[in-house]
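**Student:** Need the 3D shape of this:
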Amino acid sequence: MPVPQTRGLHQRSLLRDDVYRSLRDAIIRGDLQPGEKLRDAELSDWLGVSRTPIREALLRLERAGLVVATPGRLTMVAPENDDAVRHAQQVAAELHALAITLAAPTLGPEDFAEMERANQALTTALDTVQHPGTTPSTVAGYHARLRPLTLMTPSTTWRCRSAATR
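**Tutor:** As a prediction, the model looks like this:
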């Protein structure tokens with residue numbers, strides 16, 4: 001049997017990168033809450049890896065601003081920064097607006113109706129989070145299903161309709 005000439009089809013990942021992604025995702029999903037202390041031994045048990053990749057991932061998360069560390073004392077999930085959240089939301093909203101402006105010429109009435117339904121579902125999810133007993137994962141679940149259509153505001157929907165009629 002001849003050996004194929006193509007190489008590198010299988011991408012290997014490093015354990016420290018896998019650990020980093022797992023911790024980052026847990027922070028973003030809200031499984032690890034802002035201000036929550038992160039202990040190497042507990043994280044090691046949870047992820048089933050040694051403490052070395054945990055420490056490497058925590059250093060990387062600190063550089064990314066998701067973790068705050070005081071050497072020899074404590075490591076914790078960084079507290080929420082309202083200004084950073086607001087800025088990220090504004091950037092995301094503008095990117096969504098640009099994407100829909102570019103896509104508008106190819107959209108039909110059924111696409112606009114679907115966007116409006118998705119907006120309503122997101123609004124419902126956000127309202128649900130305001131009630132006791134719900135978690136940020138409620139919104140995360142809606143956002144995962146509706147990713148391309150979330151963050152559509154009335155102004156971006158108007159811009160989309162406006163672009164479609166040009």
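**Student:** Just give me the residue right at the centre of this structure.
**Tutor:** Ile28 (5.8 Å; CA atoms, centre = their mean).
**Student:** Could you measure from that one over to Pro79?
**Tutor:** Using CB to CB, to the nearest Å, Ile28 is found at 15 Å from Pro79. (Glycine included, C-beta is placed from N, CA and C.)
**Student:** Over to Gly65?
**Tutor:** 11 Å.
**Student:** Same question for Asp31.
**Tutor:** 16 Å.
**Student:** low-scoring stretches of this protein, by residue?
**Tutor:** Within the chain, the set of residues satisfying pLDDT under 70 comprises 1, 3-4, 7-10, 129-166.
**Student:** can you give me the helices in it?
**Tutor:** 15-29, 40-47, 51-64, 82-103, 109-129, 136-146, 154-164 (DSSP state H).
**Student:** Take those and lay them out in TSV including distance to Gly72.
**Tutor:** Output for the helices of the chain, formatted as TSV (distance: least, CB to CB, whole Å):
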stretch	distance to Gly72
helix 15-29	20
helix 40-47	12
helix 51-64	13
helix 82-103	27
helix 109-129	37
helix 136-146	31
helix 154-164	48
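**Student:** Which one of those lies nearest to Thr75?
**Tutor:** helix 51-64 (5.7 Å; CB to CB).
**Student:** and the closest one, which residues are buried?
**Tutor:** Residues Pro53, Ile54, Arg55, Glu56, Ala57, Leu58, Arg60, Leu61 are the ones in helix 51-64 that count as buried (16 or more other CB atoms under 10 Å).
**Student:** Just give me the closest of these to Arg12.
**Tutor:** Closest to Arg12, out of all of the buried residues of helix 51-64 and judged by CB to CB, is Pro53, at 14.7 Å.
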